[in-house]
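*Asks:* Sequence and predicted structure, then a few things I'm wondering about:
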Amino acid sequence: MVSIVWRFITFLGYFTLLLSLFSLLMGVHSTTSLTLIAISIILSIILIVFSVLAATRGIPILRGR
């Protein structure tokens, strides 16, 4: 059950990262949208890193049973 949750979080991180990069490729028209895209890229990278660490048992608090 825990691995399914972390796989979903990893997928969500990659999906958000791809959407953000696609938005950058299509062009940014304001500084607000650029800021939101930067925040979403940072959050998606954090999600991916935490899910990989949890999957490899690198974070003791997040270990499954």
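*Replies:* Thanks, I have it.
*Asks:* make it CA atoms for all contacts and neighbour counts henceforth
*Replies:* Noted.
*Asks:* I'd like to know how far Ile41 sits from Gly27.
*Replies:* To Gly27, Ile41 is 15 Å away according to C-alpha to C-alpha, to the nearest Å.
*Asks:* Which one's more surrounded, these two?
*Replies:* For Ile41 and Gly27, the more surrounded residue by other C-alpha atoms under 10 Å is Ile41, and the numbers stand at 20 against 11.
*Asks:* Would you mind confirming that that one makes contact with Phe22?
*Replies:* No. Checked against C-alpha atoms under 8 Å, the pair Ile41 and Phe22 is beyond contact range at 11.2 Å.
*Asks:* I'd like to know which elements the helix or strand hosting Leu34 is packed against.
*Replies:* For Leu34, the host element (DSSP states H and E) is helix 31-55. Applying 3 or more C-alpha pairs under 8 Å, 6 or more residues apart in numbering; DSSP states H and E, we find helix 31-55 packed against helix 2-26.
*Asks:* how far is the helix it packs on from where the chain is centred?
*Replies:* Its chain's average C-alpha position is 5 Å from that of helix 2-26, according to C-alpha atoms, centre = their mean, to the nearest Å.
*Asks:* quick one: it to helix 31-55, angle?
*Replies:* Using axes from the mean of the first three to the mean of the last three C-alpha atoms, to 10 degrees, the direction of helix 2-26 lies 150 degrees away from that of helix 31-55.
*Asks:* So which elements touch helix 2-26?
*Replies:* Partner elements for helix 2-26 (3+ C-alpha pairs under 8 Å, 6+ apart): helix 31-55.
*Asks:* quick one: the helix it packs on to chain centroid distance?
*Replies:* 5 Å.
*Asks:* Check stretch 28-38 too.
*Replies:* Distance, stretch centre to chain centre, for stretch 28-38: 18 Å (C-alpha atoms, centre = their mean).
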